[in-house]
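Peer 1: got a predicted structure plus its sequence, pasted below:
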Amino acid sequence: MSTPAAPNAARETPVTRSVSHDERTAPPVIEVSTLTKRYADVTAVDDVSFSVEQGTILGVLGPNGAGKTTMLKAMLGLLVPSDGTVRVCGIDVHAHPARAYRRLGATLEGARNVYWRLTVRENLAFFAGLAGEDVRDPAVRARHDALLDQLGLLDRADDVVNELSRGMKQKVALACALARDVDVAFLDEPTLGLDVESSVDLRRELRRLADDRGLTVVLTSHDMSVVEDLCDRVLVVNHGRLVADDDVTSLVELFRTSAVRVVVDGPLSAATERTIRTDYTVESWETNGDRTRVLVALDDANDVPELAARFVADGGRLVSVNTVEPDLTEAFLQLTGGEDR
Ligand SMILES: Nc1ncnc2c1ncn2[C@@H]1O[C@H](COP(=O)(O)OP(=O)(O)OP(=O)(O)O)[C@@H](O)[C@H]1O
């Protein structure tokens with residue numbers, strides 16, 4: 001559920017979600033409070049506060065340079081914040097980094113973080129061993145096997161990582177982040193560079209881990225379809241500030257504007273184009289040979305016949321008239337001012 005806010009106001013005041021009864025009673029797994037990170041004259045993360053419940057898959061969206069990676073690194077305890085605190089499972093990650101580290105796993109550079117000359121299983125043993133887990137312990141080995149099985153890597157467990165496909169390497173990176181029995185996984189662009197099938201596969205596994213193991217996932221992605229498909233909740237960051245915090249459906253609803261796409265073949269005079277542009281809000285106009293595609297913002301469906309009639313006034317033939325549904329990309333562009341930095 002969202003707290004309704006006018007789109008323009010959303011840039012100053014974060015779009016926030018209401019808190020359910022369960023959320024009020026269960027302690028949050030992640031608590032970020034007034035987190036700020038400054039570099040000389042750049043405030044990369046600016047007074048960010050939020051908390052996350054167990055088993056949530058949280059997406060962090062923002063344009064290039066918005067502050068996502070800095071926020072993630074500060075949440076992991078890899079960067080000392082200029083201000084604010086981060087608690088994971090109640091542990092202050094900056095005051096007690098070693099204790100906090102036991103509860104979280106991360107992939108910040110995807111498959112580049114794993115050792116390509118070691119086998120899949122050796123990588124898992126290495127990352128578990130770093131945190132003091134004894135990989136000779138049958139319980140640890142059984143957990144690793146279960147994880148590899150879940151990620152479809154069990155039959156490649158003794159292969160050197162270098163020999164695996166890119167998608168499999170990415171899954172190895174995820175397995176390494178989860179090699180210890182962590183509560184929270186921080187994943188920076190987990191599906192970057194994956195083909196559609198591997199990306200869908202990885203999303204399915206993350207969902208399963210969240211649902212079956214109660215794993216809490218924080219991920220960044222520039223791929224809206226990943227966020228739209230997978231995330232229970234989305235934070236939108238712009239210029240270091242949190243500009244939205246809600247579920248995908250509510251974010252999309254908040255920026256719902258009806259639009260109609262008209263496709264017409266045949267003559268369309270400059271004079272007709274001018275009057276359509278004057279009388280309607282034209283979002284895009286493309287002409288390709290004989291075919292014209294136009295996107296028009298339209299609040300009232302009753303206006304569609306009149307709009308369509310304008311396009312055939314010069315003797316053209318209407319090919320299609322479709323209502324366009326808003327999506328997360330549209331909401332994101334509205335929230336961030338459509339900036340491309
Ligand atoms: N070590 C650093 N020193 C100085 N400025 C930095 C440093 N790291 C990041 N910044 C600046 O902080 C801002 C946020 O950068 P950050 O990498 O967190 O953004 P991002 O949202 O992850 O971007 P992208 O989507 O491109 O990965 C940028 O203006 C960046 O130039």
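Peer 2: Received, thanks.
Peer 1: ok now do Ala185, which residues does it touch?
Peer 2: Contact analysis of Ala185 by C-beta atoms under 8 Å, 6 or more residues apart in numbering lists Leu104, Gly105, Ala106, Thr107, Leu174, Ala177, Leu178, Leu209, Leu215, Thr216, Val217, Val218. For every residue, glycine as well, the C-beta is placed using N, CA and C.
Peer 1: nearest to the ligand, of those residues?
Peer 2: Of all the contacts of Ala185, the ligand sits closest to Val218, with 13.1 Å by C-beta to the nearest ligand atom.
Peer 1: which other residues reach the helix or strand hosting the closest one?
Peer 2: Element membership for Val218, per DSSP states H and E: strand 216-220. Contact with strand 216-220 is made by 29-30, 52-62, 68-69, 72, 75, 183-190, 206, 209-210, 226, 230-231, as judged by C-beta under 8 Å, 6+ apart.
Peer 1: pLDDT of that strand, averaged?
Peer 2: Averaged across strand 216-220, pLDDT comes to 94.
Peer 1: that one and the ligand, are they touching?
Peer 2: No: residues of strand 216-220 contacting the ligand under C-beta under 6 Å from any ligand atom: none, with a closest distance of 6.8 Å.
Peer 1: up against the ligand, what does the chain have?
Peer 2: Contact residues, the chain versus the ligand (C-beta under 6 Å from any ligand atom): Tyr39, Val42, Ala44, Gly62, Asn64, Gly65, Ala66, Gly67, Lys68, Thr69, Thr70.
Peer 1: for the fourth one, which non-adjacent residue is spatially closest?
Peer 2: Just to be clear, that refers to Gly62. Leaving aside its sequence neighbours, Gly62 sits nearest to Val237 (C-beta to C-beta, 6 or more residues apart in numbering; 3.7 Å).
Peer 1: and the one you found, what's its pLDDT?
Peer 2: 92.
Peer 1: all helices for the stretch 1-150 of the chain, in order.
Peer 2: 21-25, 68-75, 97-101, 120-130, 138-150 (DSSP state H, counting those that start in this stretch).
Peer 1: shaky segments in this structure?
Peer 2: Applying pLDDT under 70 to the chain flags residues 1-25, 109-112, 254-257, 338-341.
Peer 1: run through the strands of it in chain order.
Peer 2: Secondary structure of the chain (DSSP state E): strands located at 30-39, 42-52, 57-61, 83-88, 91-92, 104-107, 184-188, 216-220, 233-238, 241-246, 259-265, 281-288, 291-297, 317-324.
Peer 1: can you redo the ones you listed as a markdown table with distance to Arg143?
Peer 2: Formatted as a markdown table, these follow (distance: least, C-beta to C-beta, whole Å):
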| stretch | distance to Arg143 |
| --- | --- |
| strand 30-39 | 23 |
| strand 42-52 | 24 |
| strand 57-61 | 21 |
| strand 83-88 | 20 |
| strand 91-92 | 22 |
| strand 104-107 | 13 |
| strand 184-188 | 15 |
| strand 216-220 | 18 |
| strand 233-238 | 28 |
| strand 241-246 | 33 |
| strand 259-265 | 50 |
| strand 281-288 | 52 |
| strand 291-297 | 51 |
| strand 317-324 | 47 |
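Peer 1: I am finished for the moment; much appreciated.
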